[in-house]
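# Give me coordinates for this.
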Amino acid sequence: MAQDIEHLGEVITAAVPALLTTLEVMETAQQGHHPARPNATIDFIAPFIESLNQAHASLAPLTFPAQIEKFGDHLKTSFLYASRTGENLSATAEDSMAFMRASRTFSKALDHLFPLATLLNPIHQFFLEAPLRHSPNVPEHFLSETSHHPITHIENAYDQRGGASIYIPHWLDPAALTPVVIALHGGAGHGRDMLWQWLREARSRGFVLIAPTSSEETWQLNRPEQDLPALLALLQFVKDQTQIDETKILLSGLSDGATLTLQLGLQPGAPFTHLAPFSGTLDPALVSHEADLLQQDKPIYLVHGSNDWMFPVEIGQMAAELLGARNPNLLYNQIEGLGHTFARSELKQLLPWFSAALSLEQ
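Reported below is the predicted structural model:
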């Protein structure tokens, strides 16, 4: 039995780095993917997928003892979804929907991996931003005993609409004022997927993250006011759990979520103090003659990719020009090589812009 445990430990020690490395590569591949050049994605990930599959094959047949059976289930399931993500990304040349499936299976791989972050140091480091992973100054609170599970899913299973996923760092001082980020998914997206686009940063820097799911396949862009009550209710839910800094509430979104970010965030009385639209379009009503009552000076961090195939970069440039003519607090960042996907690499600049307290260099 001892020999079996020793062998299991050896397999886990070899397999986990292959999983984590491949997940990092998949994240990079998704950010750089362009449907007109799918083979670039396929060639980039191929050697890592091979290593992942070898590690998966060595782990899958092993039996975990009862005391760590749940650990084993999470690890094996994460491997399973990572392998499916590899299959989906590898199929993008023949199947235009494979890339969207890859986004979903990738988030499921992270969903099952995250509960192990307080059990294995490499997984703990994976869910931190790079500057913290090997820093001697990483606080021990990351590995402290949790008084509550940091992620709450409110009627937000992958087959549900209209719910939300919320991350509240378990180590927050309940008396301290904490910034909040609300991250809106794009068309046909899901809040549970969007959660993982921001969670590493939320865990590293210590902010509350709210990732809602639209009640329909996308947000009600023709009637944006219909989506506001649910967002306000989620903010209130968080206020009931912890103290939030009401001067630091960031509304951000990707694609359709970016459009809704501007529609709701510029309305008079909206509680969102900062806006960060990624790769969206501009509602013409926001720059019409009737738009004078809108909060034109609210800080906006507008992001668009030079290779966006859904909304060409000229749309982002036009939005920056039109909004900037009215808003002195607009910052536009055009990212070279970025397609129509979430620019996670931009968060290291965006978050200190939103709140100086969220800088890693303090």
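
# May I have stretch 59-66 as PDB, with CA atoms only?
Extracted in PDB, the C-alpha atoms of stretch 59-66 (Å, rounded to 0.1, in the frame of the first residue of the first chain):
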ATOM      1  CA  LEU A  59      -3.000   9.600 -14.000                       C
ATOM      2  CA  ALA A  60      -6.400   8.400 -15.300                       C
ATOM      3  CA  PRO A  61      -6.200   4.700 -14.300                       C
ATOM      4  CA  LEU A  62      -4.800   5.300 -10.800                       C
ATOM      5  CA  THR A  63      -7.100   4.900  -7.700                       C
ATOM      6  CA  PHE A  64      -6.900   7.500  -5.000                       C
ATOM      7  CA  PRO A  65      -7.300   6.400  -1.300                       C
ATOM      8  CA  ALA A  66     -10.600   7.300   0.400                       C
END
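
# buried set for it?
Leu59, Phe64 (16 or more other C-beta atoms under 10 Å). C-beta here means a position set from N, CA and C on the backbone, and glycine is covered the same way.

# who touches that stretch?
When contacts are defined by C-beta atoms under 8 Å, 6 or more residues apart in numbering, stretch 59-66 is touched by residues Ile5, His7, Leu8, Val11, Ile12, Ala15, Phe71, Gly72, Asp73, Leu75, Lys76, Phe79.

# rerun at 10 Å
1, 4-5, 7-8, 11-12, 14-16, 18-19, 69-73, 75-76, 79-80, 83 (C-beta atoms under 10 Å, 6 or more residues apart in numbering).

# and if you look at stretch 266-273?
For stretch 266-273, the surrounding residues in contact (C-beta under 10 Å, 6+ apart) are 179-180, 182, 224-225, 228, 231-232, 235, 245-252, 261, 263-265, 275, 283, 285-286, 291, 293-296, 298-300, 323, 326-327, 354-355.

# change it to 8 Å
With contact meaning C-beta under 8 Å, 6+ apart, stretch 266-273 is reached by 182, 225, 228, 232, 235, 246-251, 264-265, 275, 286, 293-296, 298-299.

# mind listing the helices for the stretch 1-150 of the chain?
2-32, 38-59, 69-90, 98-113, 121-126, 130-133 (DSSP state H, counting those that start in this stretch).

# Turn those into TSV, including mean pLDDT and distance to Glu216.
Listed next are the helices of the stretch 1-150 of the chain as TSV, based on pLDDT from 0 to 100; distance: least, C-beta to C-beta, whole Å:
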stretch	mean pLDDT	distance to Glu216
helix 2-32	91	25
helix 38-59	96	29
helix 69-90	97	25
helix 98-113	96	17
helix 121-126	92	34
helix 130-133	88	37
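
# Tell me which of these lies nearest to Ser214.
helix 98-113 (15.4 Å; C-beta to C-beta).

# hang on, the earlier thing: for His153, find the nearest of the helices of the stretch 1-150 of the chain.
From the helices of the stretch 1-150 of the chain, taking C-beta to C-beta, the stretch that ends up closest is helix 98-113, at 9.6 Å.

# tilt between that closest one and helix 2-32?
140 degrees (axes from the mean of the first three to the mean of the last three C-alpha atoms, to 10 degrees).

# and helix 98-113, which residues are buried?
98-99, 101-113.

# how far does it sit from the chain's center?
Counting by C-alpha atoms, centre = their mean, to the nearest Å, helix 98-113 is centred 12 Å from the centre of its parent chain.

# hey, where'd the strands end up in this protein?
151-154, 164-167, 178-184, 208-212, 244-254, 274-278, 300-305, 330-335 (DSSP state E).

# For those, please prepare CSV with the additional fields distance to Pro61 and mean neighbour count.
Output for the strands of the chain, formatted as CSV (distance: least, C-beta to C-beta, whole Å; neighbours: other C-beta atoms under 10 Å):
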stretch, distance to Pro61, mean neighbour count
strand 151-154, 30, 18
strand 164-167, 33, 23
strand 178-184, 38, 26
strand 208-212, 35, 27
strand 244-254, 39, 21
strand 274-278, 42, 27
strand 300-305, 43, 25
strand 330-335, 43, 17
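
# Next, format those strands as JSON lines and append distance to Ala46 and mean pLDDT.
As requested, the strands of the chain are exported to JSON lines (distance: least, C-beta to C-beta, whole Å; pLDDT from 0 to 100):
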{"stretch": "strand 151-154", "distance to Ala46": "32", "mean pLDDT": "96"}
{"stretch": "strand 164-167", "distance to Ala46": "32", "mean pLDDT": "98"}
{"stretch": "strand 178-184", "distance to Ala46": "31", "mean pLDDT": "98"}
{"stretch": "strand 208-212", "distance to Ala46": "31", "mean pLDDT": "98"}
{"stretch": "strand 244-254", "distance to Ala46": "27", "mean pLDDT": "98"}
{"stretch": "strand 274-278", "distance to Ala46": "28", "mean pLDDT": "98"}
{"stretch": "strand 300-305", "distance to Ala46": "24", "mean pLDDT": "97"}
{"stretch": "strand 330-335", "distance to Ala46": "25", "mean pLDDT": "97"}
